[in-house]
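In: sequence unavailable; structure follows:
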């Protein structure tokens with residue numbers, strides 16, 4: 001069975017207006033401990049690994065590490081210049097969750113956004129009531145600094161943002177390990 005961790009990002013509004021990304025990093029359950037240990041080992045005095053604010057050299061190191069792990073990225077990009085973050089996220093989740101369920105992936109852990117976590121659970125319930133996903137699919141939330149597996153999703157998300165604004169270097173390093181969908 002697969003397990004997934006998800007992170008979100010807006011793209012660069014100056015180069016890619018109205019684009020919002022929701023990325024899931026998936027791996028087999030038995031590979032989770034290795035992924036956590038590897039990513040946690042990359043921290044250098046940081047509470048968590050984070051794409052934003054990293055140098056090009058550091059980003060290359062992060063992407064190389066994710067590329068070496070048994071991880072697949074599933075990225076949904078919603079483009080709508082008039083949408084707010086809530087709408088972007090809901091549209092991405094409408095696409096992402098049914099696809100993950102078919103892989104099969106029963107648990108997806110999102111980085112906690114505090115009180116906004118309830119809207120993710122509400123979206124899950126809406127998809128269940130429409131029978132778009134089975135009741136076995138679960139959403140969990142975790143604080144980013146406490147869950148190294150979330151960092152893989154952040155890194156994949158950052159690589160896709162860079163590709164969308166003209167720098168494919170990082171995404172090319174990930175090769176075929178990223179499935180990209182624009183909605």
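Out: Nice, I can see it. Everything quoted here is computed from the prediction, not taken from an experiment.

In: all contacts plus neighbour counts: C-alpha atoms, from now on.
Out: Noted.

In: tell me where the model's unsure across this protein.
Out: Along the chain, no part satisfies pLDDT under 70.

In: helices along that one, start to end?
Out: 32-40, 56-68, 85-102, 117-129, 149-164, 169-174 (DSSP state H).

In: dump these to a markdown table, plus distance to residue 47.
Out: Output for these, formatted as a markdown table (distance: least, C-alpha to C-alpha, whole Å):
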| stretch | distance to residue 47 |
| --- | --- |
| helix 32-40 | 10 |
| helix 56-68 | 15 |
| helix 85-102 | 25 |
| helix 117-129 | 21 |
| helix 149-164 | 11 |
| helix 169-174 | 23 |
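
In: looking at those, which is nearest to residue 141?
Out: The closest of the helices of the chain to residue 141 is helix 117-129. By C-alpha to C-alpha, the value is 7.2 Å.

In: and that closest one, what other elements does it pack with?
Out: helix 85-102, strand 138-142 (3 or more C-alpha pairs under 8 Å, 6 or more residues apart in numbering; DSSP states H and E).

In: relative orientation of the shortest one and helix 149-164 in degrees?
Out: It stands for strand 138-142. On the basis of axes from the mean of the first three to the mean of the last three C-alpha atoms, to 10 degrees, strand 138-142 is oriented at 90 degrees to helix 149-164.

In: and strand 138-142, how far from the chain's centre?
Out: Averaging C-alpha positions (C-alpha atoms, centre = their mean, to the nearest Å) puts strand 138-142 13 Å from its chain's average.

In: list the buried residues in it.
Out: Under the neighbour-count criterion of 16 or more other C-alpha atoms under 10 Å, strand 138-142 has 139, 141-142 buried.

In: tell me the strands beside it, with direction?
Out: If you go by DSSP bridges, strand 138-142 pairs up with strand 105-111 (parallel).
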